[in-house]
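Colleague: 3D model of this:
(2 chains)
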Number of protein chains: 2
Amino acid sequence: MTKAVVLLSGGLDSATTLAIANSRGYECHALSVDYGQRHRSELVAAAKLAQSIGAREHKIVKVDLTLFGGSVLTQKSRAVPVGGIKAGIPVTYVPARNTIMLSLALAWAEVLESSDIFLGVNAIDYSGYPDCRPEYIAAFERMANLATKRSVEGARLSVRAPLIALSKAEIIQQGALLSVDYSLTVSCYQADESGLACGVCDACRIRRTGFQAAGMPDPTRYQFAPVAC
Amino acid sequence: MTKAVVLLSGGLDSATTLAIANSRGYECHALSVDYGQRHRSELVAAAKLAQSIGAREHKIVKVDLTLFGGSVLTQKSRAVPVGGIKAGIPVTYVPARNTIMLSLALAWAEVLESSDIFLGVNAIDYSGYPDCRPEYIAAFERMANLATKRSVEGARLSVRAPLIALSKAEIIQQGALLSVDYSLTVSCYQADESGLACGVCDACRIRRTGFQAAGMPDPTRYQFAPVAC
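Modeller: Next comes the predicted model:
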């Protein structure tokens, strides 16, 4: 089987991405990054999803980005915005996060002799993060193809972002067709330790609107009854 | 003062790079990565060098690349080659190491609002690592300029590799002019915990030949009397 490294945060998008990679016949090696995010429940969710969807193995790499800060997700003293989605790049943006995660995936892919990295970025219903855009992904792929011993030996690495042009509703519909159990996923920026979502951060709002637009029941477990989007 | 992030391994090249950045008037923020290398003495050396050369601060980020392996530097069960430098990319190559380190530097640079990352790579007297080549550095820089919030806001990031076209002898001569204390540096792949070098690995050989070619005494502290290069 052809091996793929799949970045798996434990959220809805990366779970769907893992299911897509799996459905395409890849032997999936799921990678999560413990970067000092506000809660560990998304990492717990990632482990459950890797098993549920059928990854061959799941690794969690620890990189303490709280050392740098620069985001409400890596600085617990700052509050996650809950007042609704605003224009511009939000304060939940984590400097260079996808570059760091893709770099780690690149390392593992080379060791596995894998030519495919899957990443669940999406540039439609997203938070405006620059490292989710197609031009960024293409530039990472070009760099990766100059970075490794395998690239020098002629192997080509592809960074696959199968959700990049899908709406959140389309992502959910695709995942549902692939039997993804979305009740296992945690998207909330400030979920509690048992994975209950706040219902009011941007990630919760985008997710809930997605289930509504997909015409599907929202299986998210909330801390409180959610407000309207 | 203009801020720069300087990747500092504790070896000869990165120490010289830090001294160059410092001499150019940058406020230097030195970054070392504890990636599971065979010994910690290069990290101890990095801390001493940051202070000796005058970095504003020094951080060590931990990323456990032994989780992936794929190199004799991250797999202690494998032996470091000591028989002399061979053609091709050696087994000391660590998959995606420079990409991971530059990604971490990119994160810190964004938080510091710095537009300059310094990296001590060299493509002349080097071990043939693909992620030391000018075309790789240029591709990383292009990617970085699409990756961050700062890049979207119009700030341009430069990856500066001032040693890239210098011989090892030229690097040492330049460092000597800048008063780098090379006795503090540790280049050896398998130095002992007190920083004593083996004298026979590729890194030791390239370094010793460099001091000879520069016509300078070699201040390296060896475990044994070194063999001829």
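
Colleague: Could you list the low-confidence segments of chain A?
Modeller: A:225-229 (pLDDT under 70).

Colleague: Can you show me the helices along it?
Modeller: For chain A, the helices defined by DSSP state H cover A:12-23, A:41-53, A:97-112, A:134-147, A:149-152, A:168-177, A:202-214.

Colleague: Distance to B:Ile206 and mean neighbour count for these - can I get that in CSV?
Modeller: All C-beta spots, glycine's among them, are computed from the backbone N, C-alpha and C. Shown next, in CSV, are the helices of chain A (distance: least, Cβ to Cβ, whole Å; neighbours: other Cβ atoms under 10 Å in any protein chain shown):
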stretch, distance to B:Ile206, mean neighbour count
helix A:12-23, 41, 26
helix A:41-53, 41, 21
helix A:97-112, 24, 26
helix A:134-147, 21, 21
helix A:149-152, 19, 20
helix A:168-177, 50, 20
helix A:202-214, 49, 20
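
Colleague: can you redo those helices as TSV with distance to chain B?
Modeller: Shown next, in TSV, are the helices of chain A (distance: least, Cβ to the nearest Cβ, whole Å):
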stretch	distance to chain B
helix A:12-23	18
helix A:41-53	15
helix A:97-112	4
helix A:134-147	4
helix A:149-152	5
helix A:168-177	22
helix A:202-214	15
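
Colleague: For the ones you listed, give me a markdown table that also has distance to B:Arg160.
Modeller: Formatted as a markdown table, the helices of chain A follow (distance: least, Cβ to Cβ, whole Å):
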| stretch | distance to B:Arg160 |
| --- | --- |
| helix A:12-23 | 34 |
| helix A:41-53 | 36 |
| helix A:97-112 | 18 |
| helix A:134-147 | 17 |
| helix A:149-152 | 23 |
| helix A:168-177 | 40 |
| helix A:202-214 | 36 |
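
Colleague: Can you say which of the ones you listed is nearest to B:Thr17?
Modeller: Closest to B:Thr17 of these is helix A:134-147 (Cβ to Cβ; 19.5 Å).

Colleague: hmm, the strand of greatest length in chain A in reach of chain B?
Modeller: Taking DSSP state E as the criterion, chain A has its longest strand at strand A:27-34. No: using Cβ under 8 Å from any Cβ of the partner chain, strand A:27-34 never reaches chain B; the gap is at least 9.4 Å.

Colleague: I'd like the distance from that strand to the chain centre, please.
Modeller: 11 Å (Cα atoms, centre = their mean, to the nearest Å).

Colleague: which residue lies farthest from the center of chain A?
Modeller: A:Glu153 (30.3 Å; Cα atoms, centre = their mean).

Colleague: What separation do you get for that one and chain B?
Modeller: With distances taken as Cβ to the nearest Cβ, to the nearest Å, A:Glu153 is found 9 Å from chain B.

Colleague: what about the closest residue in space to A:Ser41 that isn't next to it in sequence, neighbour count?
Modeller: Sequence neighbours aside, A:Gly195 is the residue nearest to A:Ser41 in space, at 4.0 Å (criterion: Cβ to Cβ, 6 or more residues apart in numbering or on different chains). By other Cβ atoms under 10 Å in any protein chain shown, 21 other residues sit near A:Gly195.

Colleague: can you give me the angle the longest strand of chain A makes with helix A:41-53?
Modeller: 170 degrees (axes from the mean of the first three to the mean of the last three Cα atoms, to 10 degrees).

Colleague: Identify each buried residue in strand A:27-34, please.
Modeller: For strand A:27-34, the neighbour count (16 or more other Cβ atoms under 10 Å in any protein chain shown) marks A:27-33 as buried.

Colleague: Pull the residues that contact it.
Modeller: A:1-10, A:18, A:21-22, A:40, A:43, A:46-47, A:49-50, A:53-63, A:100-101, A:104-105, A:108, A:112, A:114, A:118 (Cβ atoms under 8 Å, 6 or more residues apart in numbering or on different chains).

Colleague: same thing but 6 Å
Modeller: The contact list for strand A:27-34 (Cβ atoms under 6 Å, 6 or more residues apart in numbering or on different chains) reads A:1, A:3-8, A:21-22, A:43, A:46, A:50, A:55-62, A:101, A:105.

Colleague: do the same with stretch A:81-89
Modeller: A:128, A:200-202, B:149.

Colleague: Make JSON lines out of these and add distance to B:Gly175.
Modeller: What follows is those, written out as JSON lines (distance: Cβ to Cβ, whole Å):
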{"residue": "A:Gly128", "distance to B:Gly175": "44"}
{"residue": "A:Val200", "distance to B:Gly175": "55"}
{"residue": "A:Cys201", "distance to B:Gly175": "50"}
{"residue": "A:Asp202", "distance to B:Gly175": "49"}
{"residue": "B:Lys149", "distance to B:Gly175": "35"}
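
Colleague: Please identify which pair of those lies farthest apart.
Modeller: Once Cβ to Cβ is applied, the contacts of stretch A:81-89 give A:Val200 and B:Lys149 as the farthest pair, at 23.2 Å.

Colleague: circling back to that earlier point, can you lay out the buried residues of strand A:27-34 as TSV showing distance to B:Ser77?
Modeller: Below are the buried residues of strand A:27-34 laid out as TSV (distance: Cβ to Cβ, whole Å):
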residue	distance to B:Ser77
A:Glu27	25
A:Cys28	27
A:His29	21
A:Ala30	25
A:Leu31	23
A:Ser32	26
A:Val33	26
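
Colleague: Quickly check those residues for the two that are furthest apart.
Modeller: The two members of these with the most space between them (Cβ to Cβ) are A:Glu27 and A:Val33, at 20.7 Å.

Colleague: what about the nearest residue to A:Ala47 once chain neighbours are set aside, distance to A:Phe140?
Modeller: Once flanking residues are discounted, A:Ala47 sits nearest to A:His58: 5.9 Å by Cβ to Cβ, 6+ apart. Computed as Cβ to Cβ, to the nearest Å, the A:His58 to A:Phe140 distance reads 23 Å.

Colleague: same deal with A:Thr17?
Modeller: Per Cβ to Cβ, A:Thr17 is found 16 Å from A:Phe140.

Colleague: repeat for A:Ser103
Modeller: 9 Å.

Colleague: And A:Tyr35, by the same measure?
Modeller: For A:Tyr35 relative to A:Phe140 (Cβ to Cβ), the value is 18 Å.

Colleague: And A:Leu157, by the same measure?
Modeller: A:Leu157 is 10 Å from A:Phe140, by Cβ to Cβ.

Colleague: For the two, list the residues in contact with both.
Modeller: By Cβ under 6 Å, 6+ apart, no residue touches both A:Leu157 and A:Phe140.

Colleague: if I pick the closest residue to A:Thr17 other than its chain neighbours, what's in contact with it?
Modeller: The spatially closest residue to A:Thr17, leaving aside those adjacent along the chain, is A:Gly120, at 3.7 Å (Cβ to Cβ, 6+ apart). A:Gly120 makes contact with A:13-14, A:17, A:163, according to Cβ under 6 Å, 6+ apart.

Colleague: Any chance of JSON lines for these, columns distance to B:Gly70?
Modeller: Shown next, in JSON lines, are the contacts of A:Gly120 (distance: Cβ to Cβ, whole Å):
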{"residue": "A:Asp13", "distance to B:Gly70": "28"}
{"residue": "A:Ser14", "distance to B:Gly70": "24"}
{"residue": "A:Thr17", "distance to B:Gly70": "24"}
{"residue": "A:Leu163", "distance to B:Gly70": "29"}
